[in-house]
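**Q** Attaching a predicted model along with its sequence, questions to come.
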Amino acid sequence: MTARATSRSASRPRAAYADTASAYAALPAFTHLGRALVPAGRLAFLGPQPAGPDSAFARATAALSPFLREASPAARGMGSLMDPARIRQVLAAAGFTDIDVVPVEAPMTLGADAGDAAGFLFSMGPTRHNLREVEPATVARIRAEVQDALVEFETADGVRIPGSVWIVTARSGR
């Protein structure tokens, strides 16, 4: 779990910041974080919003999408926290209050160039999971198509695609 806490005392953090990968076992993880905070301690994390079917990300990865048929293990992790109602449900069940989920749009930097970005996308757990039984020649073809589509988003700062995240904040209920 990636988490960072700040505190006046090392044993009772006043605030915790967790990435959504820590949500592999969402409820126990957030329950643990809530117990670790001082009463009314603040939790804040960033989580992905699902990309729409007409989004820039969907266009760039169109060649890959027919192969992403099966829920990956990430559906139990960060993929389980893409819906604000689910986020609120998990945090409330873990004892948090004052839960706020705010949408924010920001560019996603996927790599230094299209090849680097394609490498990043094909190294992600959901992609690897769904391509694990696909012929290597087919995977290479799909990767080349995705790389070609990513060229549209190359900038001097790398491959940047419009994206959206949730900024989630809550207070421990203790």
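**A** All right, it came through fine.
**Q** Please, where are all the helices along the protein?
**A** Remark: helices assigned in the chain by DSSP state H are 26-36, 56-60, 84-93, 114-123, 125-131, 136-150.
**Q** out of these, which comes closest to Gln49?
**A** The closest of those to Gln49 is helix 84-93. By Cβ to Cβ, the value is 9.0 Å. Heads up, the C-betas are built off the backbone N, CA and C, glycines and all.
**Q** average pLDDT across the closest one?
**A** Helix 84-93 carries an average pLDDT of 93.
**Q** Give me the contacts around that helix.
**A** 23, 26-27, 30-31, 43, 47, 80-81, 99, 101, 166, 168, 170 (Cβ atoms under 8 Å, 6 or more residues apart in numbering).
**Q** what about stretch 46-59, distance to the chain center?
**A** 11 Å (Cα atoms, centre = their mean, to the nearest Å).
**Q** Quick check: end-to-end length of that stretch?
**A** 24 Å (Cα to Cα, to the nearest Å).
**Q** Mind listing what's buried along it?
**A** For stretch 46-59, a neighbour-count test (16 or more other Cβ atoms under 10 Å) marks Gly47, Gln49, Ala51, Ser55, Ala56, Phe57 as buried.
**Q** Over to stretch 128-136?
**A** Taking 16+ other Cβ under 10 Å as the neighbour-count basis, stretch 128-136 is seen to contain the buried residues His129, Asn130, Leu131.
**Q** Out of these, which is nearest to Ala112?
**A** Comparing the buried residues of stretch 128-136 against Ala112 with Cβ to Cβ places Leu131 closest, at 22.9 Å.
**Q** where does the one residue sitting closest to the centre of the chain land on pLDDT?
**A** The residue lying closest to the centre of the chain (Cα atoms, centre = their mean) is Pro48, at 4.3 Å. Per-residue pLDDT puts Pro48 at 86.
**Q** Also Arg76?
**A** For Arg76, the predicted pLDDT is 58.
**Q** list the contacts for Trp166?
**A** Taking Cβ under 8 Å, 6+ apart, we find Trp166 in contact with Leu46, Gly47, Pro48, Gln49, Leu81, Met82, Pro84, Ile87, Val101, Val102, Pro103, Val104.
**Q** hmm, try it at 6 Å
**A** By Cβ atoms under 6 Å, 6 or more residues apart in numbering, Trp166 lies in contact with Gly47, Gln49, Val101.
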